[in-house]
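**Student:** take this sequence and fold it.
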Amino acid sequence: MLGNKITIIGGSGGIGQVFAKLFKNHGFEITLVARNQEKLKKVAKSLDVLFQTDLKESVADADIVMVTIPIETTPNMIEYVAPYMKKDALIFDVTSLKEKVYQSLKKVQKTYPINSVSLHPMFGPGIQKFQNYVMIMLKVGGTKSYDRKMQSLKKLFESEGLIIRVVLDPSYHDKIMALVLGVPHMFNILFIDLLRNAQIPLSELTKFTGTTFLLQKVFAESIIQREVHMFGEIQMNNSEFHKILDSFHKLLTEYRNIIKNNHMNKFETIFSDGIEYSSKDSHFKRSYNYFYDFMKILKEKKYEEKPDL
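**Tutor:** Predicted coordinates for the structure are as follows:
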């Protein structure tokens with residue numbers, strides 16, 4: 001139902017390579033396309049897959065076209081390649097924001113006899129096994145074979161252990177992403193910046209670290225080493241995140257007043273409200289155990305670090 005040829009636009013990038021390996025394991029013929037020709041040839045050789053330098057030709061015979069390029073350029077790319085795709089082919093993106101890309105997918109789906117779906121893998125290029133990782137699927141529409149293609153694609157991903165979460169609305173997706181991606185990214189970026197402004201080296205702070213600080217430091221350091229433009233787009237181009245940012249500004253002002261004015265009762269209320277909200281979560285009861293499971297890993301790794309001289 002899905003065919004056996006997939007073209008991955010942006011295929012020399014990290015996520016492009018992840019999906020190339022995944023589809024290759026399922027017997028697909030893989031063709032990679034990318035702007036950097038030198039890197040493209042190198043990656044294609046390392047994965048033992050095909051590559052193409054002509055964008056139009058690369059999609060002409062493809063059963064599936066995957067677009068994995070920066071968020072801001074994805075809608076234009078979808079609309080550019082769609083006219084050259086064959087009848088009944090499938091196109092999908094893997095962007096972290098869906099409002100604009102959904103509009104482009106809907107547009108080409110109505111204009112051409114092709115199928116469109118928008119995916120969002122909730123994992124990065126460093127993934128080794130897919131078991132229990134989430135893939136979000138936003139259905140768009142297509143030809144008479146659309147439902148069967150979606151079912152086949154869903155089964156393919158589920159066979160790898162992925163959990164498929166179907167969402168029906170791009171604005172709902174973006175609101176969720178503002179909370180589960182934008183908010184933790186913001187906190188970790190600001191955490192490092194707040195420490196930097198204190199003008200004490202991080203290596204010095206780490207000597208005196210407690211459990212909470214150490215875990216937060218590791219999370220933050222992992223964030224700031226990753227794709228700055230992608231993280232910026234996730235926050236700057238998501239109108240739902242802008243609303244959350246305004247809410248955070250209000251909360252921070254209230255929190256400042258609580259601390260400055262020594263309002264212990266209001267401080268306790270924040271904790272009690274947080275417990276009431278969190279207690280319905282399945283991880284809540286064992287959260288402290290999970291905390292120390294992470295700490296155990298970090299403490300064991302510490303002995304591999306070079307001592308101070």
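**Student:** C-alpha only now, for contacts and for neighbours.
**Tutor:** Noted.
**Student:** where does this protein have low pLDDT?
**Tutor:** Applying pLDDT under 70 to the chain picks out residues 301-309.
**Student:** and the helices in it?
**Tutor:** Assigned by DSSP state H, the chain shows helices spanning 14-25, 37-47, 55-60, 74-81, 99-111, 146-159, 170-177, 183-197, 202-207, 211-224, 228-236, 239-260, 264-278, 287-302.
**Student:** can I get these in JSON lines with distance to residue 118 and mean neighbour count?
**Tutor:** Below are the helices of the chain laid out as JSON lines (distance: least, C-alpha to C-alpha, whole Å; neighbours: other C-alpha atoms under 10 Å):
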{"stretch": "helix 14-25", "distance to residue 118": "14", "mean neighbour count": "18"}
{"stretch": "helix 37-47", "distance to residue 118": "24", "mean neighbour count": "15"}
{"stretch": "helix 55-60", "distance to residue 118": "18", "mean neighbour count": "19"}
{"stretch": "helix 74-81", "distance to residue 118": "11", "mean neighbour count": "18"}
{"stretch": "helix 99-111", "distance to residue 118": "7", "mean neighbour count": "19"}
{"stretch": "helix 146-159", "distance to residue 118": "11", "mean neighbour count": "16"}
{"stretch": "helix 170-177", "distance to residue 118": "9", "mean neighbour count": "18"}
{"stretch": "helix 183-197", "distance to residue 118": "23", "mean neighbour count": "15"}
{"stretch": "helix 202-207", "distance to residue 118": "41", "mean neighbour count": "11"}
{"stretch": "helix 211-224", "distance to residue 118": "25", "mean neighbour count": "15"}
{"stretch": "helix 228-236", "distance to residue 118": "16", "mean neighbour count": "16"}
{"stretch": "helix 239-260", "distance to residue 118": "19", "mean neighbour count": "14"}
{"stretch": "helix 264-278", "distance to residue 118": "30", "mean neighbour count": "11"}
{"stretch": "helix 287-302", "distance to residue 118": "33", "mean neighbour count": "12"}
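**Student:** output those as CSV; include the columns distance to residue 124.
**Tutor:** Listed next are the helices of the chain as CSV, based on distance: least, C-alpha to C-alpha, whole Å:
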stretch, distance to residue 124
helix 14-25, 7
helix 37-47, 18
helix 55-60, 25
helix 74-81, 18
helix 99-111, 20
helix 146-159, 16
helix 170-177, 15
helix 183-197, 14
helix 202-207, 26
helix 211-224, 12
helix 228-236, 12
helix 239-260, 21
helix 264-278, 27
helix 287-302, 20
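**Student:** to residue 2, which of these lies closest?
**Tutor:** Across those, the minimum distance to residue 2, taken as C-alpha to C-alpha, is reached by helix 146-159, at 6.0 Å.
**Student:** which elements pack onto the closest one?
**Tutor:** When contacts are defined as 3 or more C-alpha pairs under 8 Å, 6 or more residues apart in numbering; DSSP states H and E, helix 146-159 packs onto strand 163-167.
**Student:** per-domain residue ranges of this protein.
**Tutor:** Domain assignment for the chain, taken from automatic domain parsing, gives 5-168, 172-302.
**Student:** who touches the residue minimising distance to the centre of the chain in this structure?
**Tutor:** Nearest to the mean C-alpha position of the chain, by C-alpha atoms, centre = their mean, lies residue 122 at 4.5 Å. By C-alpha atoms under 8 Å, 6 or more residues apart in numbering, the contact list for residue 122 reads 133-136.
**Student:** residue 168 and residue 139 touch, don't they?
**Tutor:** Yes: using C-alpha atoms under 8 Å, residue 168 is in contact with residue 139, at 6.8 Å.
**Student:** dump stretch 20-32 to PDB, keeping only the CA atoms.
**Tutor:** Provided in PDB are the C-alpha atoms of stretch 20-32 (Å, rounded to 0.1, in the frame of the first residue of the first chain):
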ATOM      1  CA  ALA A  20      16.400   6.500   6.100                       C
ATOM      2  CA  LYS A  21      17.600   3.700   8.300                       C
ATOM      3  CA  LEU A  22      14.100   3.000   9.600                       C
ATOM      4  CA  PHE A  23      12.600   2.700   6.100                       C
ATOM      5  CA  LYS A  24      15.500   0.800   4.700                       C
ATOM      6  CA  ASN A  25      15.000  -1.800   7.400                       C
ATOM      7  CA  HIS A  26      11.500  -2.300   6.000                       C
ATOM      8  CA  GLY A  27      12.700  -2.900   2.500                       C
ATOM      9  CA  PHE A  28      12.300   0.600   1.000                       C
ATOM     10  CA  GLU A  29      14.600   2.000  -1.700                       C
ATOM     11  CA  ILE A  30      16.000   5.200  -0.200                       C
ATOM     12  CA  THR A  31      16.900   8.400  -2.100                       C
ATOM     13  CA  LEU A  32      18.400  11.300  -0.200                       C
END
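**Student:** thinking again about what came up before, write a ChimeraX command that selects only the buried members of the contacts of residue 122.
**Tutor:** The buried residues among the contacts of residue 122 can be selected in ChimeraX (16 or more other C-alpha atoms under 10 Å) with this line:
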select :134,135,136
